[in-house]
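K.L.:
when you get a sec, could you give me coordinates for this:
(chains A and B)
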Number of protein chains: 2
Amino acid sequence: MKLYDLDVSGNCYKVRLFAALANIDLELIPVDLASGAHKRPPLSDLNPLQQVPVLEDGPVVLRDSQAILVYLAGQYGGLAWWPAHPEGQAHVVQWLSFAANEVQHSVNAARLVRKFGYPLDHAGALDKSKLTLTLLDQHLAHNDWLAMGRPTIADCAVYPYVVLAPEGDVDLQPYVHVGRWIERLQKLPGYLAKP
Amino acid sequence: MKLYDLDVSGNCYKVRLFAALANIDLELIPVDLASGAHKRPPLSDLNPLQQVPVLEDGPVVLRDSQAILVYLAGQYGGLAWWPAHPEGQAHVVQWLSFAANEVQHSVNAARLVRKFGYPLDHAGALDKSKLTLTLLDQHLAHNDWLAMGRPTIADCAVYPYVVLAPEGDVDLQPYVHVGRWIERLQKLPGYLAKP
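P.N.:
As a prediction, this is how the structure comes out:
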């Protein structure tokens, strides 16, 4: 099973982290984004959105880190990570959307400016980061994990860009419950450290 | 089952549309966002993100239109709309993420500026809209529906802000295959017209 991968990408780290925790073997295929490899075949054929990660499992080809987490957990990870009942799935999907939207457009946007020089609004990203991290902290004040009372793919989707936030000059210190959740996650068997 | 709802919200329309297509009864509770009702209890307790829609089904409370679609389809809609196997679920989730991210930050951003006066970058939103609609058009050139070869919650998640795009001065005419998909969706039994 191949993962088209970029080391510094938080979206790729979501997949690598979950695969490590769930003991799933992935063959990593590094993609040279700097030379535009994502805009040429085979990557642009596998993913017209021209993004990594892309998962290739025999005939199954998937883009989008959230979708890849659902597939890997459902196919190989067991029910602990992605429940079978609709209520549990919906509770997990709430946080997959939070990862794809709120987290992506706050702490990740701040990191894109500071680490990679993207011409985005860093001050605006910092404001959004406060909102996003405050919401996360409030939830984690009453919950050890994001959904289901146990580690799920929800945690694997939200964690990467949060733990990478300091690379965007976002200070995680005020968010005590986020800090404890990060510590809990780092103690899980098989944990894979951030890039 | 209550849906806390705003008539003009495309995210609420995703849920109303799917409920109509799948013949699921919802009690609509209008939320007066203009007076800030989403920032006060009961809404702010039900959804700390202070957004609509929120679904309340007895003890089950869910935010996020994508999560609500997964719940309603899994619980009440049958396997046609949300498959049970991981590969199918992942193919649907790819498009739920596309709705929550690419669609939200392109055609919806353009509509927020033109219809509601949000201080966002309209020209930038138009550029992103071209990319998003071109990707959608290319996919629909070879597929009648977004996933699984049949209507699923993926279509219900992506359709609303696309069909509302002209309200943001986005021209849908160049996207022939998107136009045909819109027509197909509008012919489904139970179809609910846009707000």
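
K.L.:
C-alpha from now on. contacts and neighbour counts both.
P.N.:
OK.

K.L.:
which strands or helices does the longest helix anywhere in chain A pack on?
P.N.:
Using DSSP state H, we find that the single longest helix of chain A is helix A:122-141. Counting contacts by 3 or more C-alpha pairs under 8 Å, 6 or more residues apart in numbering or on different chains; DSSP states H and E, helix A:122-141 packs against helix A:109-116, helix A:176-186.

K.L.:
what residues does the last one touch?
P.N.:
The list of residues contacting helix A:176-186 from outside it, by C-alpha atoms under 8 Å, 6 or more residues apart in numbering or on different chains, reads A:133, A:136-138, A:140-141, A:144-145, A:159, A:163, A:172-173, A:191-193.

K.L.:
could you do the shortest one as well?
P.N.:
Contacts of helix A:109-116 with the rest of the structure, by C-alpha under 8 Å, 6+ apart, involve A:118-122, A:125-126, A:164-170.

K.L.:
what's the farthest-apart pair in the contacts of helix A:176-186?
P.N.:
The span of the contacts of helix A:176-186, defined through C-alpha to C-alpha, is set by A:Gln138 and A:Leu192 at 25.8 Å.

K.L.:
near chain B at all, the lowest-mean-pLDDT helix or strand in chain A?
P.N.:
Least confident element among the helices and strands of chain A, by mean pLDDT, DSSP states H and E: helix A:43-46 (a mean of 92). No. Applying C-alpha under 8 Å from any C-alpha of the partner chain, one finds helix A:43-46 separated from chain B by no less than 11.7 Å.

K.L.:
by contact count, what packs against that helix?
P.N.:
Secondary elements touching helix A:43-46 (3+ C-alpha pairs under 8 Å, 6+ apart): strand A:60-63.

K.L.:
centre of the chain to the strand it packs on, how far?
P.N.:
Chain-centre distance of strand A:60-63: 17 Å, with C-alpha atoms, centre = their mean, to the nearest Å.

K.L.:
for stretch A:14-22, same thing?
P.N.:
Remark: stretch A:14-22 is offset 10 Å from the chain centroid, using C-alpha atoms, centre = their mean.

K.L.:
mean confidence score for that stretch?
P.N.:
Stretch A:14-22 shows a mean pLDDT of 98.

K.L.:
just name the most buried of the helices and strands packed on helix A:122-141.
P.N.:
Mean neighbour count, computed with mean count of other C-alpha atoms under 10 Å in any protein chain shown, is highest for helix A:109-116 among the helices and strands packed on helix A:122-141, reaching a mean of 19.

K.L.:
what angle separates it from helix A:122-141?
P.N.:
120 degrees (axes from the mean of the first three to the mean of the last three C-alpha atoms, to 10 degrees).

K.L.:
state the three-state secondary structure for A:Leu79.
P.N.:
Put simply, A:Leu79 is coil when judged by DSSP: H, G, I helix; E, B strand; the rest coil.

K.L.:
what sits closest to it if chain neighbours are left out?
P.N.:
Once flanking residues are discounted, A:Leu79 sits nearest to A:Ala73: 7.6 Å by C-alpha to C-alpha, 6 or more residues apart in numbering or on different chains.

K.L.:
test my guess that the one you found contacts A:Trp82.
P.N.:
Yes. Taking contacts as C-alpha atoms under 8 Å, A:Ala73 lies within contact range of A:Trp82: 5.8 Å.

K.L.:
for the two, list the residues in contact with both.
P.N.:
Contacts common to A:Ala73 and A:Trp82, judged by C-alpha under 8 Å, 6+ apart, are A:Ile153.

K.L.:
still on that earlier bit, report how many residues lie close to the residue nearest to A:Leu79.
P.N.:
23 (other C-alpha atoms under 10 Å in any protein chain shown).

K.L.:
what sits against it?
P.N.:
A:Ala73 makes contacts with A:Leu79, A:Trp81, A:Trp82, A:Ile153, as judged by C-alpha under 8 Å, 6+ apart.

K.L.:
which parts of chain A sit against chain B?
P.N.:
A:48-49, A:60, A:62-64, A:66-68, A:70-72, A:74-75, A:85-87, A:89-94, A:97, A:100-101, A:135.

K.L.:
would you show me how to pick out the buried ones of those residues in ChimeraX?
P.N.:
This is the ChimeraX syntax for the buried subset of the residues of chain A next to chain B, where burial follows 16 or more other C-alpha atoms under 10 Å in any protein chain shown:
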select /A:48,49,62,63,64,66,67,68,70,71,72,74,86,87,89,90,91,92,93,94,97,100,101
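
K.L.:
return the distance of stretch A:167-181 from the chain's centre.
P.N.:
With C-alpha atoms, centre = their mean as the basis, stretch A:167-181 stands 16 Å off its chain's centre.

K.L.:
send the alpha carbons of it over as CSV?
P.N.:
C-alpha atoms of stretch A:167-181 as CSV (Å, rounded to 0.1, in the frame of the first residue of the first chain):
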residue,chain,number,x,y,z
GLU,A,167,6.2,26.8,13.6
GLY,A,168,3.6,29.5,12.7
ASP,A,169,4.4,31.6,15.8
VAL,A,170,1.3,30.4,17.5
ASP,A,171,1.8,30.0,21.2
LEU,A,172,0.2,26.8,22.6
GLN,A,173,1.1,27.7,26.3
PRO,A,174,-2.3,29.3,27.2
TYR,A,175,-4.2,26.1,26.1
VAL,A,176,-3.6,23.9,29.1
HIS,A,177,-6.0,21.1,28.2
VAL,A,178,-4.7,21.0,24.6
GLY,A,179,-1.3,20.6,26.2
ARG,A,180,-2.4,17.6,28.2
TRP,A,181,-4.1,16.0,25.2
